[in-house]
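In: output the structure for:
(2 chains)
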Amino acid sequence: MDAEDDQQLVRRAKAGDQRAFEALVRRHRDRAHAVALGVVRHPEDAADVTQEAFIAVLRHLDTFQASAAFTTWLHRITLRKAYDHVRRRVPVPTDPDGAQVAALRARDEDPQFTGMARTALLEGLAALDQPFRDAVLLVDVAGLAVEEAAAALGVASGTIKSRVFRARAQLARELGTRGVGPSSNEVQDG
Amino acid sequence: MAELTGHPDDELLFDFTAGSLDSARADEIRAHVARCAGCAAFMDAALIGADATSLLVEPMPTAAAAALDAAVDAAWRERAVVSNVATAPPALVRTPTPRRARRFVPILAFAALALLAGASIYAGRGGGDSSSYSSSPKSQSETSTDAPATSERTPAVEADSSAGAPAMATPPAPPIDSGDVTGDAATQRECIATRDETQLFLPDGRVAQVILTGPLGIYVVCG
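Out: Okay, here's the model as predicted:
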């Protein structure tokens, strides 16, 4: 099954082969989850987003054009679902006794989410402007080619390259300010 | 290839770090970075940032993966059910009311089309040249048992022989089945008349009366 490329699996899934679709899910769920995590910042929320994305893919599978890259389509949907999730997120109410903060902190201390670098990375991603965040998530996290990311975001390939490079540098700066990676003084734009 | 002047832009630095530049251009960038601390720091930071993003990609938590599998399985089953309903044979979902309505829509549409085309009109009975078209007497008598006389329902319209209506032999009239006709084939036989047909049988056992001939063929109008 793994030897089959995405297009073959999509073709079989469109013909009614559930196993083929499940293979696509297994193949791409980790990166989809990581892309979602880069936006929503919490593993549980990212899992919800990943689920929503794959269900959306399944529901619209018949309209998917085989000439397009499946990953381009999947990660574009994942990004959209992630931002929808963020917009839907209920703001934390005032928390005089600190219970809400404690709950959120406990969730952040989930074993899957430990590590200062990872936390700092998510905070750094959150600090990026959305076009830069999307570009670096699609290229460096989802693993799309520059041209695929450009197609997913509807911009030129040169724009993707520029955004990704700049986002990487800014991420390093954000990590530095959080005590991870180079200090902010070491990083400057070229 | 233009010679590099000033600092390389972000796009060029991206290509350089990706190793996708040709060797001459890559040497130029390398030489620039070696003497420009700002560009060197910028490029190092970008490399660190690229490495850092790899931290995000980990196996999905086991419980989340299991929940995803279950959700996909449920969605697949739901999709299969919807698909089966959409592709079910028409006989399974057909109801008498829409079938009856469907019979008359194309007839009216054909009549309107032929009239707009300035078709010549030929009366099947009660007018016109009965040698070119006539209903079987046997079928008429059978038809009249439940249906009103056709001449009372359909005005006789004089045919214009110069319009070139094709002469048609009178075929033997098929038996009229005024019972519960079901199925698409039977419905089409009752609704559509073409050059190959000279008789139209209606659901209540009546026979069509007026034949319209036009550039698109011969159409039958019900009384």
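In: can you list the low-confidence ranges for the chain?
Out: You didn't pick a chain, so chain A it is. Chain A contains residues with pLDDT under 70 at A:1-3, A:90-115, A:180-190.
In: ah, no, chain B please
Out: B:1, B:82-223.
In: so which residue is smack in the middle of chain A?
Out: By Cα atoms, centre = their mean, chain A has its centre lying nearest to A:Val35, at 1.1 Å.
In: contacting residues for it?
Out: The contact partners of A:Val35, by Cβ atoms under 8 Å, 6 or more residues apart in numbering or on different chains, come to A:His75, A:Thr78, A:Leu79, A:Ala82, A:Leu137, A:Leu138, A:Val141, A:Ala142. (C-beta placed from N, C-alpha, C; glycine too.)
In: list phi and psi for A:Asp129.
Out: phi -70, psi 150 (degrees, to the nearest 10).
In: A:Ala47 is in contact with B:Leu68, isn't it?
Out: Yes: taking Cβ atoms under 8 Å as the definition, A:Ala47 is a contact partner of B:Leu68 at 7.1 Å.
In: touching both of those two, which residues are there?
Out: Joint contacts of A:Ala47 and B:Leu68 (Cβ under 8 Å, 6+ apart) are B:Met60.
In: of the contacts of A:Val35, closest to A:His60?
Out: When the contacts of A:Val35 are ranked by distance to A:His60 (Cβ to Cβ), A:Thr78 comes first, at 13.5 Å.
In: the closest one sits in which helix or strand?
Out: Assigned by DSSP states H and E, A:Thr78 belongs to helix A:70-88.
In: what's that helix packed up against?
Out: Here helix A:70-88 touches helix A:6-14, helix A:18-40, helix A:43-59, helix A:146-153, going by 3 or more Cβ pairs under 8 Å, 6 or more residues apart in numbering or on different chains; DSSP states H and E.
In: pretty sure A:Leu153 sits against A:Val146.
Out: No: the pair A:Leu153 / A:Val146 is not scored as a contact, 10.8 Å apart, by Cβ under 8 Å.
In: so what's A:Thr78 closest to, chain neighbours aside?
Out: With sequence-adjacent residues excluded and distances taken as Cβ to Cβ, 6 or more residues apart in numbering or on different chains, A:Thr78 is closest to A:Ala53, at 4.2 Å.
In: ok, that neighbour - contacts?
Out: Taking Cβ under 8 Å, 6+ apart, we find A:Ala53 in contact with A:Ala32, A:Ala36, A:Leu74, A:Ile77, A:Thr78, A:Lys81.
In: what about it, distance to A:Ala172?
Out: Distance, A:Ala53 to A:Ala172, by Cβ to Cβ, to the nearest Å: 29 Å.
In: also A:Ala20?
Out: Taking Cβ to Cβ, one finds A:Ala20 at 40 Å from A:Ala172.
In: between those two, which one's more packed in?
Out: Here A:Ala20 and A:Ala172 are set side by side on neighbour count (other Cβ atoms under 10 Å in any protein chain shown), and the busier one is A:Ala172, at 27 against 18.
In: doesn't that one lie inside a helix?
Out: Yes: assessed by DSSP: H, G, I helix; E, B strand; the rest coil, A:Ala172 belongs to a helix.
In: from A:Val139, how far out is it?
Out: 16 Å.
In: what's the neighbour count on residue 63?
Out: As the question left the chain open, I've gone with chain A. Neighbour tally, A:Thr63, other Cβ under 10 Å: 7.
In: that's the wrong chain, I wanted chain B
Out: Neighbours around B:Ala63, by other Cβ under 10 Å: 11.
In: ok, the helix or strand it falls within near chain A or not?
Out: Using DSSP H and E, B:Ala63 falls within helix B:62-86. Yes: against chain A, helix B:62-86 shows contacts by Cβ under 8 Å from any Cβ of the partner chain at B:Ala64, B:Ala65, B:Ala67, B:Leu68, B:Asp69, B:Ala71, B:Val72, B:Asp73, B:Ala75, B:Trp76, B:Arg79, B:Ala80.
In: mind listing what A:Phe165 touches?
Out: So A:Phe165 contacts B:Asp10, B:Glu11, B:Leu13, B:Phe14, B:Thr17, B:Ala46 (Cβ under 8 Å, 6+ apart).
In: okay, among those residues, which ones form the most distant pair?
Out: Within the contacts of A:Phe165, two members stand farthest from each other by Cβ to Cβ: B:Glu11 and B:Ala46, at 12.1 Å.
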